[in-house]
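Asks: would you be able to build a 3D model of this:
(chains A, B, C and D)
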Number of protein chains: 4
Amino acid sequence: MLKAGIIGATGYTGIELVKLLRGHPAAEIGWLTSESYAGQRLSDVFPAPWDDPLLPLEAAPLEAADVVFLCLPHAASMPAVAAVRAAGVKAIDLSADFRLHDASVYQRWYNHPQSQPALLAESVYGLPELHRTEIAAASLVANPGCYATSVILGLWPLAHAGWLTGTVIADSKSGVSGAGRKPSLTTSFVEANENLSPYNIGYAHRHIAEMEQELHAAKDTEQAAGWHLVFSPHLLPVNRGILSTMYVSLPDGVDEAAVRGTYDAAFTGEPFVHVLPAGRLATLQHAVNTNRCAIGLTFVPGQSTLIVTSAIDNLLKGASGQAVQNMNVMFGLDETSGLPQ
Amino acid sequence: MLKAGIIGATGYTGIELVKLLRGHPAAEIGWLTSESYAGQRLSDVFPAPWDDPLLPLEAAPLEAADVVFLCLPHAASMPAVAAVRAAGVKAIDLSADFRLHDASVYQRWYNHPQSQPALLAESVYGLPELHRTEIAAASLVANPGCYATSVILGLWPLAHAGWLTGTVIADSKSGVSGAGRKPSLTTSFVEANENLSPYNIGYAHRHIAEMEQELHAAKDTEQAAGWHLVFSPHLLPVNRGILSTMYVSLPDGVDEAAVRGTYDAAFTGEPFVHVLPAGRLATLQHAVNTNRCAIGLTFVPGQSTLIVTSAIDNLLKGASGQAVQNMNVMFGLDETSGLPQ
Amino acid sequence: MLKAGIIGATGYTGIELVKLLRGHPAAEIGWLTSESYAGQRLSDVFPAPWDDPLLPLEAAPLEAADVVFLCLPHAASMPAVAAVRAAGVKAIDLSADFRLHDASVYQRWYNHPQSQPALLAESVYGLPELHRTEIAAASLVANPGCYATSVILGLWPLAHAGWLTGTVIADSKSGVSGAGRKPSLTTSFVEANENLSPYNIGYAHRHIAEMEQELHAAKDTEQAAGWHLVFSPHLLPVNRGILSTMYVSLPDGVDEAAVRGTYDAAFTGEPFVHVLPAGRLATLQHAVNTNRCAIGLTFVPGQSTLIVTSAIDNLLKGASGQAVQNMNVMFGLDETSGLPQ
Amino acid sequence: MLKAGIIGATGYTGIELVKLLRGHPAAEIGWLTSESYAGQRLSDVFPAPWDDPLLPLEAAPLEAADVVFLCLPHAASMPAVAAVRAAGVKAIDLSADFRLHDASVYQRWYNHPQSQPALLAESVYGLPELHRTEIAAASLVANPGCYATSVILGLWPLAHAGWLTGTVIADSKSGVSGAGRKPSLTTSFVEANENLSPYNIGYAHRHIAEMEQELHAAKDTEQAAGWHLVFSPHLLPVNRGILSTMYVSLPDGVDEAAVRGTYDAAFTGEPFVHVLPAGRLATLQHAVNTNRCAIGLTFVPGQSTLIVTSAIDNLLKGASGQAVQNMNVMFGLDETSGLPQ
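Replies: Numbering: from 1, shown residues only, chains lettered A, B, ... in the order given. Predicted coordinates:
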């Protein structure tokens, strides 16, 4: 059995990792840390009969783990990843700290310097559908952002084919767990329930950086300048799930058969990508409580507009499920082990 | 006191009208009809201590009313409106039957002939912000659709200025009451809750017809062909409210100040349109349980993209509230009477 | 027009008062205070186009108001009420500070001394159905607690008849707005949604003190010792509303007709109490968004058990609506003015 | 691998069984039937990429299964169970048809004759915590009702000790999936959301019959007449989960230590019963998406009242999870196989 450590186990992604690892046939929890609840037990902060102690980060026996998952805020994750790697342990970082290959892009979007350039050089962007081979060889995987996962998977076949042009719009809606477990007025029940709130719309949300990085790299030849992204997140009154409704203007001559062909080519055989048949749209319920990304393709009659609907569970394929998928790839396990299909 | 009859009083728009009229200082309920519950009392089908009898439509004393609200399905409303008008009573029709001036457009979208061309000729599209003068003189007002209200109010200043071009995208999300009170699997609690479902996306939803009619007519000169609409509704797990997030590519030379100027020109003094200050986005909670339409304007930096967020309560400004607003205009009352601001 | 000041206007009860007073035909808002948002405007903290300035409490022109509503936490309200009364202005206090006639009971439940005994002596418990005459003459009204309103109204006719015996159980469920607007983990969307949490069950919640005070006083002769209350609140995933399901063991010889008779005697003519006909149960939807208390009476066949279901909107009849009802009584207005029926 | 057939696979309990069996290490789906959707595939009626054909019941190859789960309405299940048993296949029936040992009790509560007395004689009530040995030997298991599971597990240690007396009150709240997948007005989103509705309260709900059967049998000596049950279900606006809050008057001399002792004796070692430590209350989130029953014990100070809070997921421990648990016991598998802990 692989022994896994989790740093930051009492946020929503940490708790989700605990649940997944407890049901995993080839991995188990080694130790857990929590900044807020160090000294207590997991059952004190989460309604389950699991008595794992919560350690302060300093007390975590890093080297006793085969793999460490890090669920820390950005910037805070850099030194912790460095410590894990210094202990010779493989790391899967759920923060944004090692997702962006270009440190200046990280600086621009996160307003913080990238202090671990050597680790950045070895890190792999952990979207298995795009980077499976590199992930299998990696010691440090940067787990993608939740919105980014839904948008990148939904658009990648088009980007790869060179069919993104002009303004590409992603209108995304996320469940409240995406905002983390720390209480705030915005995520209070009475404020979020019976409401729908756009926020950071246009070109302001940090996940844009990784969307651009991955989609620009999708095609060999340089064509990045040919399109630009507008991304509009909305806070949705559900616990979990992201639906991205994306609007793309197809180039002349690219028809429905061609588009479906490129999605099939990209995703056939992928265990966690479900391209829906014609006439079906992705909904949250296609994805919630599973590690799947469901993708629907709608062609607007008489227009060149393609609408891509892409749904994931933000805590599974958008975070902890994808992290376990990466672990499975890194350790040569069945990629679907321990993951709800 | 004006006496109002309501035909179809036991659906969500009918019940909302009952509530509004019971609190109206200058109008009162004359009689109610219900197809499903005729012979019962309102308190039998709705949890309130209101014992109004529910008549079959045939038994309604049409001429005893000063105004009749019709809350019937499309096609069913045509003969009922004809009967009301034949009795010499003013009618406010909440169905789609008299919204579209061109009978062939109605035929195309609703797959049903327009059997009352004479009444169609006298009907007025009941969006007071656009047609207040005609409404004041009208005997038959066609109350707009809920999605249509949010999209038309959100885009009208741009249409009027001639600034709509290319593909205009309206990504709309509606609460479940918009689907009516008749039980269906889609609108069942377990199916809709913790879910978000796009439906009829692209160019398929019937409200597109009235959006195009009103926005094409917004400018004197012919420029309708210059843009086309993509409209994507989503079923949202809330009881009430519509948020439309709209993406517009502004023409060269049209800047933020110009856009804000045209919205101010269009809506200053409007009691029920609330153009939000810069930096604010419309959310459902700006509008729910009020008759307001809240509009936010977001300019994407470095791009020509304008994002308009427009929120209404689908049962108030999107249906029954707007119907009462129309009644107030038709009878020379204070336009805000009896309406939650 | 009466001028009303609101102290603590930016919590849920304060905002609800603003909404009610803006629609009131005989009262208007004079000034608003807010500790957290002093210096801002109401539209900065609440999604409505209302630009009222938010004053610090020290800056409130107390004497410019005819009536002041206080929406402060317990203990904090005592000196503020004293200041209002010292300015010669009538006060309606929504905190618990003046609800309990016996200062030692207040001390026991709230763990804080009653520092205003003279004001306590003049205060009236503001449940109009029980104390209308005293309220009409009062200068200081202590507005009841939300749970207390639902339980007291539901049980008062039985208490008055002397029919409460043994253990009386109130199993109550409240919407999340009852916990106030201050963010906490318990009231976060993800924690409260898709959940139901009992808390402080048995004999631990502070509202028990006022329930006992009012129900013990309901009968002239001493019989208080004859029964005791078990009260179990639950946090319910809705924005607003309280449903109390209460279990009473009827004395021998008290039958359904007698019980219905005593409820009719108590509440016939009450504008805001709705005793449901036989076979109907109170639900949240009987009460939410109204100032009503709906009461259902269910007799268990073959047993002496009576189940009383009692529903209110915790922000209306359970707080701000009742406060306006009290204002109406205090100033000789129509008791229903400005209140949703 | 065990092959399982599911009769009635497209209701909520059927779909939940499909999900559980797809993740089960020692069982797999053999065939599925559906009355409503026969001829379609599972992916046509449920948002998952599972292409299992849906057979009409007549076409199901009964004998090709090792075990058949029946998810039919009561009365409809009797002949289907008979057919399965006639084919020599073990059956787990999720309907009420074989839960009540006394056919006259079934007739009284379900208003339908028990037409399979021989099968009734061999059936075992499928609550493993009470009847594990009989289940292991059974060919026909009657899977308990959802409310019944929460109430029986919550009260069984008291019943076994002979400590139930007088009126025992169970105030239960259930998520909407408990009402099944067939659309109705009561379970429509707009009606159930932001609402809480008691129904069939007192002594009217059919699950009372099995609660009484199991709790009366809990003690060897005859003491059934010594107490009676009041059971009040409420429809709760969540997808899944049942919380029962139960009020018991303890006999003189039975103290907290004794009560805790009897619960420990009953449930220590049970993999799916979680008796919470002192001071903790069961909430839905203790149980939802798991096969656990969480039980909290609250002693009211100064009174003899014990409040038992008992939470389950109505689709897991309350239906399909328990059915899989029964299958595991019947086939000698690890009892927790394939079940979320």
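Asks: where along the stretch 1-150 of chain A do the helices fall?
Replies: Applying DSSP state H, counting those that start in this stretch to the stretch 1-150 of chain A gives helices spanning A:12-22, A:42-45, A:77-86, A:103-110, A:117-122, A:128-137, A:146-161.
Asks: what packs against the first one?
Replies: Contacting helix A:12-22 under the criterion 3 or more C-beta pairs under 8 Å, 6 or more residues apart in numbering or on different chains; DSSP states H and E are the following elements: strand A:2-7, strand A:27-33, helix A:321-330. The way it works is simple: take the backbone N, C-alpha and C, and place the C-beta from them, glycine included.
Asks: what of the fifth one?
Replies: With contacts defined as 3+ C-beta pairs under 8 Å, 6+ apart, the secondary structure elements packing on helix A:117-122 are helix A:77-86.
Asks: would you turn the helices of the stretch 1-150 of chain A into TSV with mean neighbour count and mean pLDDT?
Replies: Formatted as TSV, the helices of the stretch 1-150 of chain A follow (neighbours: other C-beta atoms under 10 Å in any protein chain shown; pLDDT from 0 to 100):
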stretch	mean neighbour count	mean pLDDT
helix A:12-22	23	98
helix A:42-45	17	96
helix A:77-86	20	98
helix A:103-110	15	98
helix A:117-122	14	98
helix A:128-137	16	98
helix A:146-161	26	98
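Asks: could those go into JSON lines alongside distance to B:T305?
Replies: JSON lines is the format used below for these (distance: least, C-beta to C-beta, whole Å):
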{"stretch": "helix A:12-22", "distance to B:T305": "32"}
{"stretch": "helix A:42-45", "distance to B:T305": "43"}
{"stretch": "helix A:77-86", "distance to B:T305": "33"}
{"stretch": "helix A:103-110", "distance to B:T305": "19"}
{"stretch": "helix A:117-122", "distance to B:T305": "32"}
{"stretch": "helix A:128-137", "distance to B:T305": "27"}
{"stretch": "helix A:146-161", "distance to B:T305": "17"}
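Asks: which residues of chain A lie near chain C?
Replies: Taking C-beta under 8 Å from any C-beta of the partner chain, the part of chain A that reaches chain C is made up of A:12, A:175-177, A:181, A:183-185, A:187-194, A:237-239.
Asks: so which residues on chain A come close to chain D?
Replies: Residues of chain A lying near chain D (C-beta under 8 Å from any C-beta): A:22-23, A:25, A:47-49, A:194, A:274, A:283, A:285-286, A:289-290, A:292, A:294, A:340-341.
Asks: quick one: classify A:V288 as helix, strand or coil.
Replies: coil (DSSP: H, G, I helix; E, B strand; the rest coil).
Asks: do a quick rundown of the strands in the stretch 151-300 of chain A.
Replies: Secondary structure of the stretch 151-300 of chain A (DSSP state E, counting those that start in this stretch): strands at A:166-174, A:197-198, A:227-235, A:242-249, A:273-275, A:293-299.
Asks: list every C-alpha atom in the fourth one, with coordinates, as CSV.
Replies: This means strand A:242-249. Output in CSV follows, covering the C-alpha atoms of strand A:242-249 (Å, rounded to 0.1, in the frame of the first residue of the first chain):
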residue,chain,number,x,y,z
ILE,A,242,-18.9,23.4,-12.4
LEU,A,243,-20.7,23.9,-15.7
SER,A,244,-18.9,25.9,-18.4
THR,A,245,-20.9,27.0,-21.4
MET,A,246,-18.5,28.0,-24.1
TYR,A,247,-19.1,29.9,-27.3
VAL,A,248,-16.7,29.4,-30.2
SER,A,249,-16.9,30.8,-33.7
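Asks: sorry, back to before: if any of the residues of chain A next to chain C are buried, give me the PyMOL selection for them.
Replies: Buried residues among the residues of chain A next to chain C (16 or more other C-beta atoms under 10 Å in any protein chain shown), as a PyMOL selection:
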select buried, chain A and resi 12+175+176+177+181+183+187+188+189+190+191+192+193+194+237+238+239
